[in-house]
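Q: Dropping a prediction and its sequence here:
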Amino acid sequence: MHPYTIMTIAWVASIAWIAFVILTNRKAHPKALFYLFFVEMWERFSYYGMRALLVLYMTKGMLEYDYDQAYSVYGAYGSMVYATPLIGGLLAERFMGYRKAIMWGAILMMIGHFLMAFEHEYIFLTALAMLILGNGFFKPNISSMIGKFYSRTDPRRDGAFTLFYMGINIGAFLSGLTCGVVGEIEGWHWGFSLAGVGMLLGLIIFWMAQRSGVLEDKGYAPHEATEDEVGDEEVPSYTLEENASSPKVLGLPVNWAIYIISLVVVPLVWFLLQSHGLLDLIVLLMGCGMIGYLIFTSLSYDKVQRERLWVVLTLFFFTIIFWTFFELAGSALTVFTDNNVAKTSFLTTTMFQSLNPLYIMMFAPVFSFMWIQLAKAKKEPAAPVKFGIALVLLGAGFLVLKLGEGMATAGMIPAIFMALLYLLHTLGELALSPVGLSLVTKLSPAKVVGFIMGFWLMSTSFAHLAGAKIAQMTNVDMSELMVETERLDRFNNSMENEDIKTAMLANKEVYKMYVGSSEDTTKMKELGFTAADALETHSVQEFVLSDFFLAELNKNGEKYHAVTVADKAIMEEAAKQEEGLYKEGLIKKAKISFLSTDASLKTEEPKQFPKEQIEEMMAASPNAAVSKTVAEDTLVICINVFMILGFVAVGGGVLLILLSGVVKRWMHGIN
């Protein structure tokens, strides 16, 4: 089975399910809900499609970032993606209205996704900045728009948001199987382009919703609002009479001023994406300031409200732990899947990103039913216990990988263990995520509920930056394999070929430059190596196959060759395909390179062999042990880090469960 077959099955099943949902709910809800359902589905398709490829693109694509740099950029991106909605939501409520904010955010994100298709670092960072700002305008306001169609007492309101969140998860589910798979097989730019197409479709659907009138009079700016739209909702700081005319900024309508300012801010976001230390400091100061303000504010309230705020603070810290570990899915866990998970011919790395939304769609109804039944039996656990259970499940997911290590072959664990990890993490998410915001609104005093909601949402922003530091702990500095005595002994002992040992020792300093920054290219040239030699890849296996390493190797023994062969079955399948891109992708995937002393294998065009014969030739290759040792070292380091995370999460969960009695008393009857 080919990955495209799985992708097709997923699309057919999703289309059938969407049709069923719409047909069974079309009379119960306004048409606007279904338009917004598709807008959000396509936006999440584009967001998660890009996220699935992001770290892989930075490390394996044209940018060739090392893992530390890639994790830092990913952490900065995620942090700002979750921080900007606080500003975007405020601007929409006070000045723009939900409609204009959603349209502007969608336009910025669409441009950002399409820019990602161009492989240049400056364009790449500009694209990320556009995505961050666009998300800030879009994300908080699309869900607020849904709320405009239902009063707070409308019995259909919960059902509407359930359908809306289903759209989110369908988009996320299809993204990894579409943008991710196409990006890995056909090329990164194709995956990013598909994400852009998804956002374009969302933009068109929202424009159609406005033109067709299904949005009624909802979502306008405060100065454009009507009596019907305001209803029983509160419009902050404005009355209809006060805002009969559009506000101006420097003579410009306020909307245009916001558009221009947001574009001017792009270079600042671009700068922060690269200035990791500065962003860390800013977020840290913001966090400390918000915590300090919350503690100071709590002192002005009576004992009941003060202790409720203490509950918010307590759960906030445990929530940061949860999201810090959980959001490694887009960074360290993606790289681990790529490097240390045995994937069959029909699996790709990015496919694993679709497991979380799939599990949510499968188990969210189960959790909902379970909580209802427990509540009826008066056995529903208190919110702190649910948080504790979530952390235990999260930790168990990491600990499962230790079992996989025991079944690893050549540093590769069976894929089933990653599926189990994502299952346990998703169950933890379902125990924690739906409870958090609802509980915060109940525990917070009316005067500061908006501030505390923003404070709570910032936990995910903090978590991304903390997650970047943890992800860097899983990184293996490959140069250590050549330099550190203990590792060098292990590395040498893993190889039977004395010539490779000698060549590796002779080149250990060159290799340190090879995996270093691009500034080392000059040093490489001084040693007589070309820029192409230095910049081709950061892989140990590719280093062993490089021209300058082969030259050193052939000084000491018999003649070695870098050989490229192809899986005969895949080549034959490619020959049958009429679609050029698909055929090209198959052929690219079929090519396998290794060292050989057989000169007859070295040809300009790869020779075709059955898969079994290729495996035999690779096993006999003198560089086979090099790749095996690298994978094993990576596996050991990653598993050790994941074990620590697992024990911390489980320990934190157990601690919170043990403290739940005290925390529940502080809640004073709220659950």
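A: That came through fine.
Q: next one: the helix or strand where residue 49 lies to chain centre, how far?
A: Using DSSP states H and E, the element containing residue 49 is helix 31-60. Taking Cα atoms, centre = their mean, to the nearest Å, the mean C-alpha location of helix 31-60 is offset from the chain mean by 11 Å.
Q: List the buried residues in the next helix or strand after that helix.
A: Counting by DSSP H and E, the next helix or strand C-terminal to helix 31-60 is helix 67-91. By neighbour count on 16 or more other Cβ atoms under 10 Å, the buried set for helix 67-91 is 67, 69-89, 91. The C-beta positions use only the backbone N, C-alpha and C, and glycine is treated the same way.
Q: where along the stretch 401-550 of the chain do the helices fall?
A: Applying DSSP state H, counting those that start in this stretch to the stretch 401-550 of the chain gives helices spanning 415-443, 449-473, 480-483, 485-493, 498-506, 508-514, 521-526, 531-535, 540-545, 547-556.
Q: Show me where this structure has its strands.
A: 248-249, 252-253, 341-342, 413-414, 561-567, 591-596, 607-609 (DSSP state E).
Q: Turn these into CSV, columns for mean neighbour count.
A: Formatted as CSV, these follow (neighbours: other Cβ atoms under 10 Å):
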stretch, mean neighbour count
strand 248-249, 12
strand 252-253, 14
strand 341-342, 20
strand 413-414, 20
strand 561-567, 20
strand 591-596, 19
strand 607-609, 17
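Q: Any chance of a markdown table for the ones you listed, columns distance to residue 104 and mean pLDDT?
A: Output for these, formatted as a markdown table (distance: least, Cβ to Cβ, whole Å; pLDDT from 0 to 100):
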| stretch | distance to residue 104 | mean pLDDT |
| --- | --- | --- |
| strand 248-249 | 15 | 68 |
| strand 252-253 | 13 | 80 |
| strand 341-342 | 40 | 90 |
| strand 413-414 | 45 | 93 |
| strand 561-567 | 48 | 82 |
| strand 591-596 | 45 | 80 |
| strand 607-609 | 53 | 81 |
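Q: Same list (those) but as a markdown table, adding distance to residue 368.
A: Below are these laid out as a markdown table (distance: least, Cβ to Cβ, whole Å):
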| stretch | distance to residue 368 |
| --- | --- |
| strand 248-249 | 46 |
| strand 252-253 | 44 |
| strand 341-342 | 32 |
| strand 413-414 | 32 |
| strand 561-567 | 47 |
| strand 591-596 | 48 |
| strand 607-609 | 53 |
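Q: Residue 440 is nearest to which of those?
A: Among the strands of the chain, strand 248-249 comes nearest to residue 440, with 33.1 Å by Cβ to Cβ.
Q: Point out where the stretch 201-350 of the chain drops to low pLDDT.
A: 223-246, 249 (pLDDT under 70).
Q: switch the cut-off to 50
A: 227-244 (pLDDT under 50).
Q: same question, the chain
A: In the chain, residues with pLDDT under 50: 227-244, 478-488, 514-520, 530-538.
Q: Walk me through the domains of the protein.
A: Domains of the chain are assigned by automatic domain parsing as 31-274, 275-476+632-671, 480-631.
Q: Would you reformat those domains as a markdown table and include distance to residue 6?
A: Listed next are the domains of the chain as a markdown table, based on distance: least, Cβ to Cβ, whole Å:
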| stretch | distance to residue 6 |
| --- | --- |
| domain 31-274 | 7 |
| domain 275-476+632-671 | 6 |
| domain 480-631 | 15 |
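Q: deepest of those, which one?
A: domain 31-274 (a mean of 20; mean count of other Cβ atoms under 10 Å).
Q: what distance separates it from the middle of the whole chain?
A: For domain 31-274, the distance to the chain centre is 16 Å (Cα atoms, centre = their mean).
Q: Could you do stretch 389-401 as well?
A: Here the centre of stretch 389-401 is set off from its chain's centre by 19 Å, with Cα atoms, centre = their mean.
Q: Show me what that stretch is in contact with.
A: If you take Cβ atoms under 8 Å, 6 or more residues apart in numbering as the criterion, stretch 389-401 is touched by 318, 321-322, 325-326, 381, 413, 417-418, 420-425, 427-429, 431-432, 638-639, 642-643, 645-654, 656-657.
Q: Please put the alpha-carbon coordinates of it into PDB.
A: What follows is stretch 389-401, C-alpha atoms only, in PDB (Å, rounded to 0.1, in the frame of the first residue of the first chain):
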ATOM      1  CA  ILE A 389      -5.000  12.000  35.500                       C
ATOM      2  CA  ALA A 390      -4.000  14.000  32.400                       C
ATOM      3  CA  LEU A 391      -0.400  14.300  33.600                       C
ATOM      4  CA  VAL A 392      -0.200  10.600  34.500                       C
ATOM      5  CA  LEU A 393      -1.400   9.600  31.000                       C
ATOM      6  CA  LEU A 394       1.000  12.000  29.400                       C
ATOM      7  CA  GLY A 395       3.900  10.600  31.400                       C
ATOM      8  CA  ALA A 396       2.800   7.000  30.600                       C
ATOM      9  CA  GLY A 397       3.000   7.900  26.900                       C
ATOM     10  CA  PHE A 398       6.700   8.700  27.200                       C
ATOM     11  CA  LEU A 399       7.400   5.700  29.400                       C
ATOM     12  CA  VAL A 400       5.900   3.400  26.700                       C
ATOM     13  CA  LEU A 401       8.900   4.300  24.500                       C
END
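Q: about what we covered before: wait, which of the domains of the chain is closest to residue 14?
A: Nearest to residue 14, of the domains of the chain and by Cβ to Cβ, is domain 31-274 at 5.5 Å.
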